[in-house]
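In: Sequence and predicted model, in that order:
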Amino acid sequence: MKLNTSYLGLSLKNPLVPSASPLSKDLETIEKMAEAGAGAIVMHSLFEEQLTASSMEIDHFLDSGTESFGEALSYLPQWEAYDVGPDTYLEHIHEAKKTVDIPIIGSLNGVSNSGWITFAKMIEEAGADALELNIYHIPTDADISGIDVEAMYLEVIKSVCKTVDIPVAVKFGPFFSSIPNISKKMIEAGAKGLVMFNRFYQTDIDINELEVVPNLILSESSELRLPLRWTAILYNRIQADIAITSGIHQSLDVIKGVMAGASVTMMASELLANGINRLSSIQKGIEVWMEENEYESIEQMKGSMSQMNVEEPAAFVRANYVKVLQSFRPDPTGKLIW
């Protein structure tokens, strides 16, 4: 079976890509993921706040005692709380490139232009084959419009893409009025790939301690349906590679993603929960399915279940929506049958 694929102009031996997660913080783990069959690896994210904190640390020693930024220090985590600093991150990419022979994709996570442009260039110089911009932004100001939010995204993308020569992919959330339109604008701003979608982790409330607390829940295969639908709609309608992330746990999830039009499928939750060796077992499952169904290559199946031949995708989606709502009925016991 020919499992090779192309993503951001890079040749990958298969479409299995570990997404940004703590797994890539350890060089030995990176090597194990490559040995288990990863086609490429997205490095853990360097957060905008880390770059901000680094600048503040320098300012602290230049302006010690002035307390000119004391308020800012109160809401940013202490620098020691971060696992790695910017310099360490660059060195880690450099060492990863020397250790494995698969593409290494750097990851920047933030929301503004602050510090990104300079550091994006440094990531390129450290040897990264590509860069993923993970833009995580939840608007909370009622005076900021959807147009303003889109403009902020596009400004960051355009600035970074002008700065580096390596291909840039954008990881974004699904909460836009028009996914096709914002996708088109991101590509016009310079993005060579779209990563769908960013998971917006929800906080919880501790009613005993009266605190807002983080609550991380790993993804499930059911979450694949959202990026699967938009990948199928956008495939061959936009001039960029698509990566599906969130909901990739089994070989069938990968196959569905590729059939919808994804160049690669990214996973983290499955590897965190069940181990790195899941990469090799998932790859084996893909090969078995392809042989049983007489597929010779990933390219042969890519986009085969997309909507590129549907003249009116909106009408197609609407028809399926109506069909789903009308497709259940109660059985004699009172249970619902779909």
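Out: Nice, I can see it.
In: switch to C-alpha atoms for all contacts and neighbour counts from now on
Out: Fine.
In: Can you get me a residue count around Tyr153?
Out: Residues contacting Tyr153 under the criterion other CA atoms under 10 Å number 22.
In: And the next helix or strand past the longest helix belonging to the chain?
Out: The longest helix of the chain (DSSP state H) is helix 146-163. Scanning the chain past helix 146-163 towards its C-terminal end, the next helix or strand to appear is strand 168-172 (assignment: DSSP states H and E).
In: Work out the sheet partners of that next one and label each with its direction, please.
Out: Its sheet considered, strand 168-172 pairs with strand 130-135 (parallel), strand 193-196 (parallel) by DSSP bridges.
In: residue ranges for the strands of the stretch 201-338 of the chain, please.
Out: Taking DSSP state E, counting those that start in this stretch as the criterion, the stretch 201-338 of the chain carries its strands at 203-206, 211-214, 241-245, 264-267, 329-330, 336-337.
In: So which elements touch the first one?
Out: Packed against strand 203-206, as judged by 3 or more CA pairs under 8 Å, 6 or more residues apart in numbering; DSSP states H and E, are the following elements: strand 211-214.
In: Let's see the strand it packs on as CSV, backbone CA atoms only.
Out: Output of strand 211-214 as CSV, limited to C-alpha atoms (Å, rounded to 0.1, in the frame of the first residue of the first chain):
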residue,chain,number,x,y,z
GLU,A,211,-12.7,29.1,41.9
VAL,A,212,-12.7,28.8,38.2
VAL,A,213,-10.6,25.8,37.3
PRO,A,214,-9.2,24.3,34.1
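In: neighbouring contacts of it?
Out: Among residues not part of strand 211-214, those counted as contacts by CA atoms under 8 Å, 6 or more residues apart in numbering are Tyr201, Gln202, Thr203, Asp204, Ile205, Asp206.
In: Apply 6 Å and report the result again.
Out: For strand 211-214, the surrounding residues in contact (CA atoms under 6 Å, 6 or more residues apart in numbering) are Thr203, Asp204, Ile205.
In: cool, and stretch 172-187?
Out: Counting contacts by CA under 6 Å, 6+ apart, the residues outside stretch 172-187 that touch it are Ile135, Phe197, Asn198.
In: how long is it from one end to the other?
Out: Start to finish, the residues bounding stretch 172-187 are 13 Å apart (CA to CA, to the nearest Å).
In: For it, list every residue counted as buried.
Out: Buried positions in stretch 172-187, judged by neighbour count with 16 or more other CA atoms under 10 Å: Phe172, Gly173, Pro174, Ile182, Ser183, Lys184, Lys185, Met186, Ile187.
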